[in-house]
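J.: Kindly generate the corresponding structure for this input.
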Amino acid sequence: MKPQEEQKKKRTQRDYNLGFKLAFISQVEKGEMTYKQAQKAYGIQGRSTVLNWLRKFGNLDWKNPNVHFMSSPKLEETPAQKIKRLENELEEQRFKNEMLNYMIDLSDKQYGTAIRKKFSPKQSEDSNKNEQ
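T.: Okay, the predicted model is just below:
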């Protein structure tokens, strides 16, 4: 038989033990490597093999694998940056609170609802008995 006529060897399906799969998944989900980098590093041929492991044994939602990338380390925030960020968040919350109050007032006015709880200065008779 001539070398050119030799048949190509078929790829064989390798069996990976559960411990290997879990270690692989752990590395990927911790962000040490992307699943593609891990696949290349461990010599796993099929992309679907890796994704099936992640879907079956992983803790994250791997239905859309393009969402999972290695997380970049966050830069340290200076106190001035932190104050500015917190002031912006506070302003957003104030605006949200103002909008919700407006919506409640509008609902009460247009539809006659009573969404806000009316607090009574008097205690109920049951609570007075419990205190004695």
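
J.: rest of the way, CA atoms for contacts and neighbours
T.: Will do.

J.: Now do the contacts for Lys36.
T.: Arg47 (CA atoms under 8 Å, 6 or more residues apart in numbering).

J.: So which bits of the longest helix seen in the chain are buried?
T.: When the chain is parsed with DSSP state H, its longest helix is helix 79-111. Neighbour-count burial for helix 79-111 flags 104-105 (criterion: 16 or more other CA atoms under 10 Å).

J.: That one - what's its average pLDDT?
T.: For helix 79-111, mean pLDDT rounds to 91.

J.: Then stretch 51-66?
T.: 74.

J.: before we move on, what about stretch 36-48?
T.: Rounded mean pLDDT across stretch 36-48 is 81.

J.: Kindly export it (C-alpha atoms) in PDB.
T.: Provided in PDB are the C-alpha atoms of stretch 36-48 (Å, rounded to 0.1, in the frame of the first residue of the first chain):
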ATOM      1  CA  LYS A  36     -12.000  28.700  24.300                       C
ATOM      2  CA  GLN A  37      -8.600  29.100  25.900                       C
ATOM      3  CA  ALA A  38      -9.200  26.200  28.200                       C
ATOM      4  CA  GLN A  39     -10.400  24.000  25.300                       C
ATOM      5  CA  LYS A  40      -7.100  24.800  23.400                       C
ATOM      6  CA  ALA A  41      -4.900  24.300  26.500                       C
ATOM      7  CA  TYR A  42      -6.400  20.900  27.300                       C
ATOM      8  CA  GLY A  43      -6.500  19.800  23.700                       C
ATOM      9  CA  ILE A  44     -10.300  19.300  23.600                       C
ATOM     10  CA  GLN A  45     -11.400  19.200  19.900                       C
ATOM     11  CA  GLY A  46     -15.000  19.900  20.000                       C
ATOM     12  CA  ARG A  47     -16.500  23.200  20.900                       C
ATOM     13  CA  SER A  48     -19.800  21.600  21.600                       C
END
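
J.: What residues sit buried inside that stretch?
T.: Across stretch 36-48, burial judged by 16+ other CA under 10 Å covers 38-39.

J.: domain parsing for the chain?
T.: As assigned by automatic domain parsing, the chain contains the domains 14-67, 77-116.

J.: All set now, cheers.
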